[in-house]
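Visitor: Turn this into a structure:
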Amino acid sequence: MSTHSSNQVQVDTALAVDTPMHVRLQCLQALMKTLELALSQRREITDFDATALVRLAFLPGDADHPWAPHIDQFLHVKREIVSPRMLLFALHLRLDLNRHEKVWCKGENQVTMADIISADHREPWKAVWTEEPILFWTAKKLMAVVVATQHQWALLAPGGDYVQQLLKWLMARAALLSTFHFDGTTLDDDDYRCVVRDSSKARPTYRASTDFLWDFMAVVVPMYRNLHLDDGTTATEAVLAAPYDEDKLKRFVRRVVFHMHGDNLPQIYARSYIAKHTFPGEREWYIRRRSQMLDFNVENIRPIDVLRECRGDVYARKIHEFAGRPLNEVAAADPLEPSLVAATCFYYASQRKYAWQGKVVFLPLPVNRYAAWVDDDTLEMCPTYTQAVLHFCMHRWPAEVFDEECNG
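Guide: Numbers count the residues shown, from 1 in each chain. Below is the predicted model of the structure:
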């Protein structure tokens, strides 16, 4: 492969540190046009390597992103939402389609969910299970399976190989749906399609809208990031003679709750509870649906508003009511409820100036375990959130904390 092809020059220019953002976007546009032409001619392009470029679509949008702060900035083109991340993601799909379509479409490669997910791992997809080949799915079916996968993410069996394969084929189907024109049976969601102006067709022909690509990307990217991007974090299995006594944490939580007087612990708990029920990607869905409203402000998005928009008023109202329960009732019923434990520890640590934020974490697939930073360099995996909290507190908080709070 010539590293001096015009396509490779576009890739290198987009990756260069000093390239202005508008030039980067022009490079993406040029590459997309090249791929669209090649796909229309059924011609594979191999004269450039965009691996490093499309990887930018999956990196966190923090200050360390090479395209920060622009990567997630959005605008509307003909009332359709676009961002640099979405363009990179679309480029990733088109590249895969250009280089693998012939293989995907072979009869022996018409993969079903049953070909990927063994019988003992299928429960999380029970509500959306189908025997139809993935590459024949409609837009609604694809989104239903993607959302179900995200909602069950923390419960999926560790290992992740089968999940990687599922995501691979879900993205392959998205590449086909977002590139070619289909009838209304395949693009079966009015929110995810636009009519192709062609009066010669007896039935309407549609293309997938950017809304489809935006919503699909918002849910898939966090999962893909978990599986494929190594953030450098390593965890060691906790080797203990026995787990910590959880009764200590129960007494601690109850005592803190019962001794607060007009403080902000209820608000901390409410935020924790609502955030726990908001899934990755839903904030982006809210942005897509609400960003053209006159009163929209991206800085003022509240998790409860996201729930209301993405899950409906009934579900949001239920979560809001549970988040507003009197804490003495919550602690009496279940003092180890994760949101209550998190809120109580945050509240107590803030008052005492102890470490807490970011010290008990959930390691997603392929690990799917809770873990605690027991010192600055050691992250121990634990079987439950409660044990992870205890592991952290017993190592990092003063030894007398639990005795003082539980017996004082």
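Visitor: residue boundaries of the strands in the protein?
Guide: Taking DSSP state E as the criterion, the chain carries its strands at 75-77, 80-82, 193-195, 206-208, 236-237, 360-363, 369-373, 379-382.
Visitor: which other helices and strands contact the second one?
Guide: For strand 80-82, the contact count by 3 or more Cβ pairs under 8 Å, 6 or more residues apart in numbering; DSSP states H and E identifies strand 75-77, helix 210-228 as packing neighbours. Where C-beta positions appear, they are placed from N, C-alpha and C, glycine not excepted.
Visitor: Any buried residues in that strand, and which?
Guide: Ile81, Val82 (16 or more other Cβ atoms under 10 Å).
Visitor: which residues touch it?
Guide: Outside strand 80-82, the residues that touch it by Cβ atoms under 8 Å, 6 or more residues apart in numbering are Phe74, Leu75, His76, Ser209, Thr210, Asp211, Trp214, Ile287, Arg288, Ser291.
Visitor: That one: partners in the sheet, and parallel or antiparallel?
Guide: When pairs are called by DSSP bridges, strand 80-82 turns out to pair with strand 75-77 (antiparallel).
Visitor: Averaged pLDDT, the partner strand. What do you get?
Guide: Mean pLDDT, computed over strand 75-77, is 88.
Visitor: what residues does it touch?
Guide: With Cβ under 8 Å, 6+ apart, strand 75-77 has contacts from Ile81, Val82, Ser83, Thr210, Ser291, Gln292.
Visitor: If we use 10 Å, what do you get?
Guide: Residues outside strand 75-77 that contact it (Cβ atoms under 10 Å, 6 or more residues apart in numbering): Ile81, Val82, Ser83, Thr210, Arg288, Ser291, Gln292.
Visitor: Report the two of those residues separated the most.
Guide: Maximum pairwise distance among the contacts of strand 75-77 (Cβ to Cβ): 14.4 Å, between Ser83 and Gln292.
Visitor: Now find how far off-centre stretch 57-66 is within its chain.
Guide: The chain centroid and the centroid of stretch 57-66 are separated by 14 Å under Cα atoms, centre = their mean, to the nearest Å.
Visitor: list the buried ones in it?
Guide: With burial defined by 16+ other Cβ under 10 Å, the residues of stretch 57-66 counted as buried are Ala57, Phe58, Leu59, Gly61, His65.
Visitor: Return the distance of the residue nearest the centre of the chain relative to Phe48.
Guide: By Cα atoms, centre = their mean, the chain has its centre lying nearest to Pro222, at 3.0 Å. According to Cβ to Cβ, to the nearest Å, Pro222 and Phe48 sit 28 Å apart.
Visitor: Domains in this protein, by residue range?
Guide: 6-228, 236-407 (automatic domain parsing).
Visitor: Comparing these, which yields the minimum mean pLDDT?
Guide: The bottom spot among the domains of the chain, by mean pLDDT, belongs to domain 236-407, with a mean of 88.
Visitor: wait, isn't Gln152 in contact with Leu166?
Guide: No - at 11.6 Å, Gln152 does not count as touching Leu166 under the criterion of Cβ atoms under 10 Å.
Visitor: which neighbours do the two share?
Guide: In contact with both Gln152 and Leu166: Trp125, using Cβ under 10 Å, 6+ apart.
Visitor: So between these two, which is more surrounded?
Guide: Leu166 (22 against 14; other Cβ atoms under 10 Å).
Visitor: quick one: the more buried one from Thr112, how far?
Guide: 11 Å.
Visitor: Overlap in contacts, the two.
Guide: Ile134.
Visitor: closest to Leu97 among the buried residues of stretch 57-66?
Guide: The closest of the buried residues of stretch 57-66, once distances to Leu97 are taken by Cβ to Cβ, is Ala57, at 15.1 Å.
Visitor: For the stretch 201-350 of the chain, just list every one of the helices.
Guide: Using DSSP state H, counting those that start in this stretch, the helices assigned to the stretch 201-350 of the chain run over residues 210-228, 246-258, 265-276, 282-290, 303-311, 313-323, 327-333, 338-352.
Visitor: So which of the ones you listed is nearest Asp188?
Guide: helix 210-228 (11.3 Å).
Visitor: Could you name the helices and strands sitting against the closest one?
Guide: Here helix 210-228 touches strand 80-82, helix 84-104, helix 139-151, helix 161-177, strand 193-195, helix 282-290, going by 3 or more Cβ pairs under 10 Å, 6 or more residues apart in numbering; DSSP states H and E.
Visitor: JSON lines for those, including distance to Val401?
Guide: Converted to JSON lines, these look like this (distance: least, Cβ to Cβ, whole Å):
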{"stretch": "strand 80-82", "distance to Val401": "48"}
{"stretch": "helix 84-104", "distance to Val401": "43"}
{"stretch": "helix 139-151", "distance to Val401": "36"}
{"stretch": "helix 161-177", "distance to Val401": "39"}
{"stretch": "strand 193-195", "distance to Val401": "57"}
{"stretch": "helix 282-290", "distance to Val401": "35"}
